[in-house]
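> the following block contains a protein sequence and its predicted model.
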Amino acid sequence: VRTLSQGIQIAIKLQEELAHPFTIDTSEGKITTSDHFITTTVGLALTSGHYIPEKGGKLLQNAEIALGQAKKKGKATIEVFDDTLGQTVWRQSRLETDLKQAISRQELYVQYQPIINLLTGKLHGFEALVRWQHPELGFVSPGEFIPIAEETGLVIPIGYWVLDRACQQLQEWQQRFPECQNLTMSVNLSGLQIKDPTLVQKVKGILEKTGLAGNQLKLELTETALIENVDLASQQLQQLKAHQIQLSIDDFGTGYSSLSYLQRFAVDALKIDQSFVSAMTPENRNLKIVQAVISLAHALDLQVIGEGIETAYQEEQLKSLGCEQGQGYYYAKPLGVVQATQLIQEEVDR
Ligand code: C2E
Ligand code: MG
Ligand code: MG
């Protein structure tokens, strides 16, 4: 093989040959004879220049990386190794390894984004958002490391660490600002935490330790996380509700959007995803969708929070549709503890 296209042609030929149905003769055994199919997934890697046998190991390794990527894409696919793929896979495995130590090395911290009561314009509470400052790679966004944390299960200890930090923080603010007893703290809960049978016990433990009342804590769950664990989820959520903990559906409208769970799970609020809010213009349908979601929510006695509000226009629209709360850069980006404390101080001084 001299060129990439020749390599791909061989891969396709292999797939075609192996795709023919074949028969396993089981006349002696109990299984009945039947036709079988297999699908073939191929990872390809090329050498630059002449093939050097000593470098064969590296070549196979690259082909395996390409194969891994091909498997991720689906059955019967072909993937070719290149430098970008190599770098992506290298970074991912590096992040995966380092994330394990991130908590104990104190590389994680929490930022707090204000949530505003749209009727009064006052501060309603905060959403806790985890951050990772990697000592060598710099700031790694949650959009990149949360999926890795989900895959490895690390999102469970990370999630409880964030919950603990955030509850402690709210408790500190309440002690410092007695006027702010009603502030709430929203914390994201991953699907794996919902599957964790010790969830209720852990949340209860953190509330007891920090002295926070259940109704000051809001847990955010995504549609996907709920749909994947229906039975356990509804049990656990009911127990959380028994402790007055509030439940919100995060990124509403972007998951399965199956309405059955709204009836099945005792949720208190819907957070309308930023993608609907940001594209709300008089000319398109997003405004209509948002309007419909808000009336649906209100018909079910649920509160609505608009996510990702960036302009006065968006706030105005949501307000006029009766949306209760808003969150977004228009009010504030996620803030460090010092800045968030300042914001509460200003609120108290007003
Ligand atoms: P999310 O829970 O939907 O959080 C809202 C995201 O929107 C945050 O991104 C926030 O910074 C961003 N955002 C807020 N207002 C605006 C705006 O006006 N414009 C734009 N463009 N963005 C805005 P972030 O912090 O990058 O977090 C991304 C996601 O990572 C979160 O989405 C959440 O699903 C996940 N995540 C963050 N912290 C945790 C955590 O502690 N546990 C778990 N399980 N997931 C977390
Ligand atoms: Mg959230
Ligand atoms: Mg969201």
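Structure received. Numbering: from 1, shown residues only. Ligands and ions are numbered 1, 2, ... in the order given.
> wait, doesn't residue 102 sit right on residue 96?
No - using CB atoms under 8 Å, residue 102 makes no contact with residue 96, being 10.8 Å away. Every C-beta, even on glycine, is put in place using the N, C-alpha and C of the backbone.
> ok, the two, which is more surrounded?
residue 102 (23 against 15; other CB atoms under 10 Å).
> hey, what's the closest residue to that one other than its chain neighbours bridged with?
Excluding its sequence neighbours, the residue lying closest to residue 102 (CB to CB, 6 or more residues apart in numbering) is residue 108, at 5.3 Å. Counting by DSSP bridges, residue 108 is bridged to residue 132.
> burial check on residue 108, number of neighbours?
Residue 108 has 18 nearby residues by other CB under 10 Å.
> list the contacts of it.
Counting by CB atoms under 8 Å, 6 or more residues apart in numbering, residue 108 touches 102, 130, 131, 132, 158, 161, 162.
> just the buried members of these?
Among these, the ones that count as buried by 16 or more other CB atoms under 10 Å are 102, 130, 131, 132, 158, 162.
> compute the distance between the residue nearest to residue 102 and residue 161, please.
For residue 108, the distance to residue 161 (CB to CB, to the nearest Å) stands at 7 Å.
> quick one: contacts for residue 128?
Neighbours of residue 128 in contact, by CB under 8 Å, 6+ apart: 110, 111, 112, 162, 163, 165, 166, 169, 185, 186, 187, 188.
> hang on, it in a strand?
Yes - according to DSSP: H, G, I helix; E, B strand; the rest coil, residue 128 belongs to a strand.
> just checking, what packs against the helix or strand hosting residue 146?
Using DSSP states H and E, residue 146 falls within helix 142-152. If you count contacts as 3 or more CB pairs under 8 Å, 6 or more residues apart in numbering; DSSP states H and E, helix 142-152 packs onto helix 83-102, strand 123-134, helix 155-176.
> the closest residue to ligand 2 within the stretch 51-200 of the chain - how many residues pack around it?
When scored by CB to the ion, the stretch 51-200 of the chain has residue 188 as its residue closest to ligand 2, at 4.5 Å. As a burial measure, residue 188 scores 23 neighbours (other CB under 10 Å).
> what sits opposite it in the beta ladder?
residue 220.
> now residue 95: how far from residue 148?
Counting by CB to CB, the gap from residue 95 to residue 148 is 5 Å.
> and for residue 219, the neighbour number?
With other CB under 10 Å as criterion, residue 219 counts 23.
> chain neighbours aside, what residue packs nearest to it?
That would be residue 189: by CB to CB, 6+ apart, it lies 4.8 Å from residue 219.
> ok, residue 14 next?
residue 40 (5.9 Å).
> off-centre distance for stretch 324-336?
Offset of stretch 324-336 from its chain centre (CA atoms, centre = their mean, to the nearest Å): 19 Å.
> what about it, near ligand 2?
No - remark: stretch 324-336 sits outside contact range of ligand 2, by CB under 5 Å from the ion, the gap being at least 8.8 Å.
> tell me if that stretch is near ligand 1.
Yes - Stretch 324-336 lies within reach of ligand 1 by CB under 6 Å from any ligand atom, at 327, 328, 329, 334.
> residues touching that stretch, excluding its own?
With CB under 8 Å, 6+ apart as the test, stretch 324-336 has contacts from 109, 111-119, 124, 127, 129, 131, 271, 274, 277, 303-312, 314-315, 318, 343.
> and the host helix or strand of residue 347, how far out from the chain's middle?
Residue 347 is part of helix 337-349 when elements are defined by DSSP H and E. Computed by CA atoms, centre = their mean, the chain-centroid distance of helix 337-349 equals 28 Å.
> mind listing what's buried in it?
Buried, per 16+ other CB under 10 Å, within helix 337-349: 340, 341, 343, 344.
> on that earlier part again, and the residue nearest to residue 14, how many neighbours?
Count around residue 40 with other CB under 10 Å applied: 17.
> can you list the residues of the stretch 151-300 of the chain near ligand 3?
So the stretch 151-300 of the chain meets ligand 3 at 250, 251 (CB under 5 Å from the ion).
> which residues of the stretch 151-300 of the chain fall in strands?
184-188, 217-222, 246-252, 269-272 (DSSP state E, counting those that start in this stretch).
> residues touching stretch 305-320, excluding its own?
115, 118-119, 248, 251, 269-275, 277-278, 280, 287, 290, 323-331.
> what is the mean pLDDT for stretch 74-84?
Averaged across stretch 74-84, the pLDDT comes to 89.
> between the contacts of residue 108, which sits nearest ligand 3?
Of those, the one sitting nearest to ligand 3 (CB to the ion) turns out to be residue 130, at 13.6 Å.
> roughly how far does that closest one sit from residue 90?
In terms of CB to CB, residue 130 sits 24 Å off from residue 90.
> what do you get for residue 318?
Residue 318 sits 43 Å away from residue 90, going by CB to CB.
> looking at these two, which one has more neighbours?
Between residue 318 and residue 90, residue 318 has the larger neighbour count (other CB under 10 Å), namely 25 against 11.
> which SSE is that one in?
Assigned by DSSP H and E, residue 318 belongs to helix 312-320.
> buried ones in that helix, by neighbour count?
Buried-residue list, helix 312-320, by 16+ other CB under 10 Å: 314, 315, 317, 318.
> turn these into TSV, columns for distance to residue 348 and pLDDT.
Formatted as TSV, the buried residues of helix 312-320 follow (distance: CB to CB, whole Å; pLDDT from 0 to 100):
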residue	distance to residue 348	pLDDT
314	27	94
315	23	96
317	30	94
318	26	96
